[in-house]
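# output the structure for:
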Amino acid sequence: MDNRVNCISIDSNNTKWIGTEWGLNSFNNFVWEDFSPFVNYSSVRCVEFDGSGIMWVGTLNGLYRYDGFNWSHYDSQNSTLTNQINCITFDHNNNLWAGTSSGLFKYDGRNFELMLDSSSVEPSFINVTKLLFKGDSLVISTMNGGIAYLYAGSVAWYNTFFGGLPDNSSFDIEVLSDNSIIYAAPQGGLLMHHHSNSWFNWNVINTPFFPSNSLTCLEKIDSNLYLAGTTGAGLFNFSFFVGAPSTTVFDTANGSIPDNYILDVKKDLLGVVWIGTESSGLVKWVGSTDVSTDFITNSVVKAYDFFGRESIPVKNIPFLYKKENGLVEKRVIIE
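Okay, here's the model as predicted:
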């Protein structure tokens, strides 16, 4: 069991799938189940569901497939795939695309094919961190390799040299309602590739009260409200009603959350927000499902700790834990 939550995914039944440094757990709002043995207690980096509802788990020990009954494992020993799987997405034909530490792979259900293994910044390799399809174009975020768009076999690269980006790395991607794309950069703050093909950037230098330059994740809450996780500055929401993003910060200093190091954020099918933290486990925002300017501010926070601890002292915020012999798969959370 581990309190570092690397990733969160929501399935069609609203079950939360939680990837940690030591495996995979699920939570259906009542019962925890531990699937870590099925992924060999590997560090889980991503969990995604294809068009048929099959779950795919990317780890530091390869790729795992679960159809609800059986598990399959793909790694460098039985395929051309590399072992470190950072991200997964699917195209309209349900082909799997995997971003790895050694390039971009495509899986058609039979074979893995290396599609991209270098960038304009890193000519010898490419470390892919996030993938997202925008129509037929695959948007590719990397670590130190810039941002790419793959369409019909052609690649367009943007980086600090071409495009003037403040950071060659980005960890997450979201598409805005006007088809602009925003990126969470670990050193450059919030990037936007506007639909007019212009680039914009918001950071602590050029934007008053911007919380941090080190962004880790993004999540769309409604048509013009987003959440961003940071490294050390907590969580903040932002919107573009007035052009530049207006932000509100939630961190340990104001008692909003138990951990300032945020690794992932997901909204479930009921509109509840789940937060993966570096050391405080899984955090759940519960409250009004009406998304408005006071969203989260008036919510109640509950933190689910994989060690089963009784509480975390954070400014008068109520937490709920249920400890049963320290076994996550048998632990029941009573609302």
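# surely Asn6 and Val44 touch.
Yes. Between Asn6 and Val44 a contact is recorded at 6.0 Å, counting by Cβ atoms under 8 Å. To be clear about C-beta, it is placed using only N, CA and C from the backbone, and glycine gets the same treatment.
# give me the more crowded residue out of these two.
Legend: neighbour count by other Cβ atoms under 10 Å for Asn6 and Val44, higher for Val44 (30 against 20).
# returning to what we had before: overlap in contacts, Asn6 and Val44.
Contact criterion Cβ atoms under 8 Å, 6 or more residues apart in numbering; residues shared by Asn6 and Val44: 19-21.
# in which helix or strand would I find Leu218?
Element membership of Leu218 [criterion: DSSP states H and E] is strand 215-222.
# please report the distance of the residue positioned nearest the centre of the chain from Arg4.
Centre of the chain computed as the mean C-alpha position; nearest residue by Cα atoms, centre = their mean is Asp264, 4.5 Å away. Using Cβ to Cβ, to the nearest Å, one gets 11 Å for the distance from Asp264 to Arg4.
# now do His194
Using Cβ to Cβ, we find His194 at a distance of 35 Å from Arg4.
# contacts only, for the residue nearest to the centre of the chain.
5-8, 216-217, 229, 275-276.
# ok, Gly229 next?
Contact partners of Gly229, counting by Cβ under 8 Å, 6+ apart, are 184, 215-218, 235, 262-265, 275.
# does the residue nearest to the centre of the chain count as helix, strand or coil?
Using DSSP: H, G, I helix; E, B strand; the rest coil, the secondary structure recorded for Asp264 is strand.
# let's see the pLDDT reported for it.
At Asp264, the pLDDT value in this model is 98.
# how about the nearest residue to it, chain neighbours excluded?
For Asp264, the nearest residue in space outside its immediate sequence neighbours is Gly276; the separation is 3.9 Å by Cβ to Cβ, 6 or more residues apart in numbering.
# burial check on the one you found, number of neighbours?
By the criterion of other Cβ under 10 Å, Gly276 has 27 neighbours.
# please apply the same query to Val272.
That count, for Val272 with other Cβ under 10 Å as the rule, works out to 18.
# just the one 10 residues further on next, same as before
The tally of other residues near Leu282 (other Cβ under 10 Å) stands at 23.
# sorry, back to before: what pairs with the strand holding Leu218, parallel or antiparallel?
Partners of strand 215-222 in the sheet, by DSSP bridges, are strand 225-230 (antiparallel).
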